[in-house]
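Student: Provided below for reference: sequence and predicted model.
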Amino acid sequence: MQAEFIFFFQAEDGIRDAQESRGLGDVYKRQHIVWFGEAVPMMDEAVRITQTADIFVVIGSSLNVYPAAGLIEFAPAAASLWLIDPNDVYLPGYRKVEVIKARASDGVKILTERLLGKGQEREQ
C-alpha cells in the first residue's frame, strides 16, 4: 500500500522558512503572506484534497484562525482525525478527534508510532 502525504501549514504569527527564519522579522519579507480579511490562495484545492483524506492531522493550531482551521470540517466522516498541540484546544463535539498533547516534533513521532502500530495490528 502506498501512502500519499499532503501538508498544509498555517502559522498563526505568519509564514516562516524553517531554515532561513530567525524570527518574526523575516515574516514581513515573505511574498506569500495572507493578511486577515484576504482570501487564502488555493483554499478550494485544499478543501478538495481534504475531502479525500483517510487520515487528517492538524499540527500546532488553536483551530481559531480561519479559513484553514475549518479544513477539518471537510474531512470525510470515516477519516481518522488527529490534533497535535501542547495546549488545550477547543474541539467541536460532533467529530471524534484523537489528541496528542505534545510539541510538534514529539507529537509526530507519537502519531507515527500509533499509526504504524495500528497497521501492524491489522497485518497480524
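Tutor: Nice, I can see it.

Student: pLDDT of the lengthiest helix in the chain, averaged?
Tutor: With secondary structure taken from DSSP state H, the chain has its longest helix at helix 104-123. Helix 104-123 carries an average pLDDT of 80.

Student: Check what contacts that helix and list those residues.
Tutor: With contact meaning CB atoms under 8 Å, 6 or more residues apart in numbering, helix 104-123 is reached by 55, 57, 59-60, 82, 84-85, 98, 100, 102. Yep, even glycine has a C-beta here, placed from its N, CA and C like the rest.

Student: Buried ones in it, by neighbour count?
Tutor: By 16 or more other CB atoms under 10 Å, the buried positions in helix 104-123 come out as 107, 111.

Student: ok, now stretch 40-53?
Tutor: Here stretch 40-53 shows 46, 49-50, 53 as buried, counting by 16+ other CB under 10 Å.

Student: Convert the C-alpha atoms of the helix or strand bottoming out on mean pLDDT in the chain to CSV, please.
Tutor: Taking mean pLDDT, DSSP states H and E as the measure, helix 104-123 is the helix or strand of the chain with the lowest mean score, a mean of 80. Taking C-alpha atoms only, helix 104-123 is exported to CSV below (Å, rounded to 0.1, in the frame of the first residue of the first chain):
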residue,chain,number,x,y,z
ALA,A,104,5.0,19.1,17.1
SER,A,105,8.3,17.2,16.9
ASP,A,106,7.4,14.8,19.7
GLY,A,107,3.7,14.6,18.6
VAL,A,108,4.6,13.5,15.1
LYS,A,109,6.8,10.7,16.5
ILE,A,110,3.9,9.5,18.7
LEU,A,111,1.4,9.8,15.8
THR,A,112,3.7,7.7,13.6
GLU,A,113,4.1,5.0,16.2
ARG,A,114,0.3,4.9,16.7
LEU,A,115,-0.5,4.8,13.0
LEU,A,116,2.2,2.2,12.2
GLY,A,117,1.1,0.2,15.3
LYS,A,118,-2.4,0.1,14.0
GLY,A,119,-1.2,-1.0,10.6
GLN,A,120,0.9,-3.8,12.1
GLU,A,121,-2.0,-5.0,14.3
ARG,A,122,-4.2,-5.4,11.1
GLU,A,123,-1.5,-7.4,9.3
